[in-house]
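Student: Take a look and give me a structure for this.
(chains A and B)
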Amino acid sequence: MIHARGLVQTFHTKQGRQKVEVRAVDGVDLDVAEGEVVGFLGPNGAGKTTTLRMLVTLLRPTAGTATVAGYDVVRESEQVRRSIGYVSQAGGAFSQARAGDEVVDHGMLYGMSRKAAVERGQELFTELQLDGLWERMPKNMSGGQKRRLDIVMGLIHDPTLVFLDEPTTGLDPQARANLWQHIADLREKRGATVFLTTHYLDEADTLSDRIMIIDQGRIVASDTADNLKAQVAGDLVDLEVEDPDQVTTVAERLARFGGGIETDDRHVRARVSRAGKAVPGLLRDLAALDIALESIEIARPTLDDVFLTLTGRSLRDAEAASEGANPLATDDETGADQ
Amino acid sequence: MRFVRESSIVFRRQLRMNLRNPAWVIIGLMQPILYLLLFGPLLKPLIDQFGAANAYTFFVPGMLVQLGLFGAFFAGFSLIGEWREGVIEAERVTPASRTALLVGRLARDLLQLLVQAVILVGLGYALGMDAPVGGMVLGVLLTVLIGGACAAASNALALTTKSEDVMAPVINVVMMPVLLLSGILLPMTIGPDWLERASTFMPTRWIVDATRSMFGGDFGGSEIYWGTAWATVLFGLALWWGTATFRRENA
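Tutor: Numbers count the residues shown, from 1 in each chain, chains lettered A, B, ... in the order given. The predicted model follows:
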């Protein structure tokens, strides 16, 4: 559905008196197959939205080529626009117009008749749980309702390929979970191919078949969430020893299974590949030595660990470096992906 | 055909929003009406010195051009609001012609201006203006033409700056000399030579003079041709600028 080769986008900005060329996207290759749900993950300022804007014909690539739904984004932009649905970060419905009117006008700009646009719009309102809100102005809707309205606008002409730019940014946890269900339905019920950008690890993890990680304008990884996590050297095993004198012995034993041994008071930690298989053997060893454990914890690697392994920085550090702390991002990224 | 259809979808959408929130239309109209009611009477005793017979026949054309210039120049502000909420971007990913996105909005601005102009002329008539119908019609058309130029320029400026904070001062900087050097309130002919000469470089002075001559039923003077020519040229330039801005890939 999407094939891009060597996509580049440069911007010119002024730093003091000097004109500086910024390569926001720096040679991106990507392929998305029909029916796939792909999460495009990266910190703010990594080039996610810029890449997306090139794919949806809002921005002409400085260099490189891309075909979307079988059409060239530069030469056949009109056919591309006809085939895709795009839900931008800002949305698309004016806050002081009636929701239904905005949806119908949008459908008509795609060439639909008024009647067809009204019918399709009302069906979509029902599908996305917006019943009874046809006459309401978006400014009087909740954040979740407003996002679902934006999605209705993106789906009014039944596109087979849907682009979502940061779909759940700024939503409360319930509204996010609800929207995730609707995004999952895009493929389950409509058979659509979905390309979504996000800087939320849990979102990419939950929704996508495949994750592409972009950092500083380049794609640094593209694989399933599980495979990406497998690249990190194993799961984190944390043993708490009853008797502090035995910590050294436990550390020696654990070192046979994995690397990166750390000790901290009565805790011994290490990265162990396939910890689920290794740990029973380890426990037998320790039992044979008469060493008792207070507790044992095994944590699967998170996408944050993946990002750290790939770029040498944690996703949140990269975020902070790019444009200061994003107050919306912090809550979600700490807890949810564990 | 498709272009007309797409433009009219955009036009109807804009019109619907205007009718639901007519505050700007009313504010835009209040200004010339207040001038007419509160400044017009001051002109009456002075009118002989201008070489004009009727204060309102002199004053209404100036107010018309002012309406065309100022009212239309604020048209772009609503576009910034729409852009901020992602409306423009959402429209630009549809297959609709990007020129139609501008033309539909311009049509709304022109209709609004036409309605305001008719009300203004009607009010002037009620106050005792004495003008031939043909002249009034032509004068209103000229107003719509220059108003269209300003509306197109305003939309282009809005989509270029994307900020009310930048746009408002720009409009002020442009508008003050235009207002003062066009003879909208008082005729430039009563001023000193240097001031009148300076005003001949202001295209809108010719448009004000042309509208005034049309309302006076005097179609022989060269200002008619100069005014019409300037309005047409400005309209063409502004339309080209607006279209280029809307079509630009990276807006």
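Student: So which residues of the chain form helices?
Tutor: You didn't say which chain, so I picked chain A. Under the criterion DSSP state H, chain A carries helices at the ranges A:48-55, A:77-83, A:99-109, A:114-127, A:143-155, A:173-190, A:201-207, A:225-231, A:247-255, A:275-288, A:303-311, A:315-323, A:327-335.
Student: Oops, wrong one, chain B.
Tutor: B:2-20, B:23-34, B:40-43, B:55-66, B:72-73, B:75-84, B:87-92, B:98-126, B:133-161, B:164-181, B:193-199, B:203-215, B:222-247.
Student: Next, count neighbours for residue B:42.
Tutor: Residues near residue B:42, counting by other C-beta atoms under 10 Å in any protein chain shown, number 11. (Each C-beta comes from the backbone N, C-alpha and C, glycine too.)
Student: Contact partners for residue A:179?
Tutor: Residues near residue A:179 by C-beta atoms under 8 Å, 6 or more residues apart in numbering or on different chains: A:144, A:147, A:148, A:167, A:168, A:171.
Student: and chain B, which of those residues contact it?
Tutor: Among the contacts of residue A:179, proximity to chain B is found for none (C-beta under 8 Å from any C-beta of the partner chain).
Student: now, among the residues you listed, which is nearest to residue A:291?
Tutor: Nearest to residue A:291 among the contacts of residue A:179, counting by C-beta to C-beta, is residue A:168 at 46.2 Å.
Student: ok, back up a step: indicate which one of the helices of chain B is closest to residue A:269.
Tutor: Between the helices of chain B, helix B:87-92 lies closest to residue A:269; by C-beta to C-beta that is 47.9 Å.
Student: which strands and helices sit next to the closest one?
Tutor: helix A:99-109, helix B:75-84, helix B:98-126 (3 or more C-beta pairs under 8 Å, 6 or more residues apart in numbering or on different chains; DSSP states H and E).
Student: I'd like to know how far the spatially closest residue to residue A:296 that is not a sequence neighbour sits from chain B.
Tutor: Closest residue in space to residue A:296, ignoring its immediate chain neighbours: residue A:239 at 5.5 Å, by C-beta to C-beta, 6 or more residues apart in numbering or on different chains. From residue A:239 across to chain B, the span is 52 Å (C-beta to the nearest C-beta, to the nearest Å).
Student: Please name the residues that touch residue A:239.
Tutor: By C-beta under 8 Å, 6+ apart, the neighbours of residue A:239 are A:250, A:254, A:267, A:268, A:269, A:293, A:295, A:296.
Student: Now a PyMOL select for only the buried ones of the residues you listed.
Tutor: For the buried members of the contacts of residue A:239, the matching PyMOL selection, counting by 16 or more other C-beta atoms under 10 Å in any protein chain shown, is:
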select buried, chain A and resi 250+254+267+268+269+293
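Student: How confident is the prediction for residue A:48, by pLDDT?
Tutor: Predicted confidence (pLDDT) at residue A:48: the value is 88.
Student: my guess is it contacts residue A:213, does it?
Tutor: No. Counting by C-beta atoms under 8 Å, residue A:48 stays clear of residue A:213, with 10.1 Å between them.
Student: Spell out which residues are contacts of both of the two.
Tutor: With contacts defined as C-beta under 8 Å, 6+ apart, the residues shared by residue A:48 and residue A:213 are A:41, A:42.
Student: any idea how far residue A:187 lies from residue B:113?
Tutor: From residue A:187 across to residue B:113, the span is 49 Å (C-beta to C-beta, to the nearest Å).
Student: Which one of the two is surrounded by more residues?
Tutor: residue B:113 (26 against 17).
Student: dump the residue contacts of the more buried one.
Tutor: With C-beta under 8 Å, 6+ apart, residue B:113 has these contacts: B:67, B:68, B:71, B:72, B:143, B:144, B:147, B:148, B:151.
Student: hmm, try it at 6 Å
Tutor: Shown in contact with residue B:113 (C-beta atoms under 6 Å, 6 or more residues apart in numbering or on different chains): B:144, B:147.
Student: Please identify the most buried of the helices and strands packed on helix B:87-92.
Tutor: helix A:99-109 (a mean of 25; mean count of other C-beta atoms under 10 Å in any protein chain shown).
Student: Nearest approach to residue B:188 belongs to which of the helices of chain A?
Tutor: helix A:99-109 (46.3 Å).
Student: Quick one: list the elements packing against that closest one.
Tutor: On a contact count with 3 or more C-beta pairs under 6 Å, 6 or more residues apart in numbering or on different chains; DSSP states H and E, helix A:99-109 meets helix A:114-127, helix A:143-155, helix B:2-20.
Student: mind listing what's buried in the second one?
Tutor: Under the neighbour-count criterion of 16+ other C-beta under 10 Å, helix A:143-155 has A:144, A:145, A:146, A:147, A:148, A:149, A:150, A:151, A:152, A:153, A:154, A:155 buried.
Student: ditto for the first one
Tutor: Neighbour counts over helix A:114-127 (16+ other C-beta under 10 Å) mark A:116, A:117, A:118, A:120, A:121, A:122, A:124, A:125, A:127 as buried.
Student: Also the longest one?
Tutor: The neighbour-count criterion (16+ other C-beta under 10 Å) identifies B:6, B:7, B:8, B:9, B:10, B:11, B:12, B:13, B:14, B:15, B:17, B:18 as the buried residues of helix B:2-20.
Student: Which ones, among those residues, also lie beside chain A?
Tutor: B:9, B:13, B:17 (C-beta under 6 Å from any C-beta of the partner chain).
Student: Distance to residue B:37 for those residues - can I get that in JSON lines?
Tutor: Formatted as JSON lines, these follow (distance: C-beta to C-beta, whole Å):
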{"residue": "B:9", "distance to residue B:37": "39"}
{"residue": "B:13", "distance to residue B:37": "34"}
{"residue": "B:17", "distance to residue B:37": "30"}
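Student: from the residues you listed, which single one is nearest residue A:64?
Tutor: residue B:9 (34.0 Å).
Student: where in the chain is pLDDT low?
Tutor: All of this refers to chain A. A:233, A:316, A:318-338 (pLDDT under 70).
Student: that's the other chain; I wanted chain B
Tutor: In chain B, residues with pLDDT under 70: B:249-251.
Student: residue closest to the middle of it?
Tutor: Nearest to the mean C-alpha position of chain B, by C-alpha atoms, centre = their mean, lies residue B:68 at 1.8 Å.
Student: can I assume residue A:240 is in contact with residue A:294?
Tutor: Yes. Assessed by C-beta atoms under 6 Å, residue A:240 is found in contact with residue A:294 at 4.1 Å.
Student: Looking at those two, which one has more neighbours?
Tutor: It is residue A:240, of residue A:240 and residue A:294, that has more neighbours when counted by other C-beta under 10 Å, with 16 against 11.
Student: and that one, how far is that from residue B:197?
Tutor: Distance, residue A:240 to residue B:197, using C-beta to C-beta: 93 Å.
Student: One more: residue A:154?
Tutor: Counting by C-beta to C-beta, the gap from residue A:154 to residue B:197 is 59 Å.
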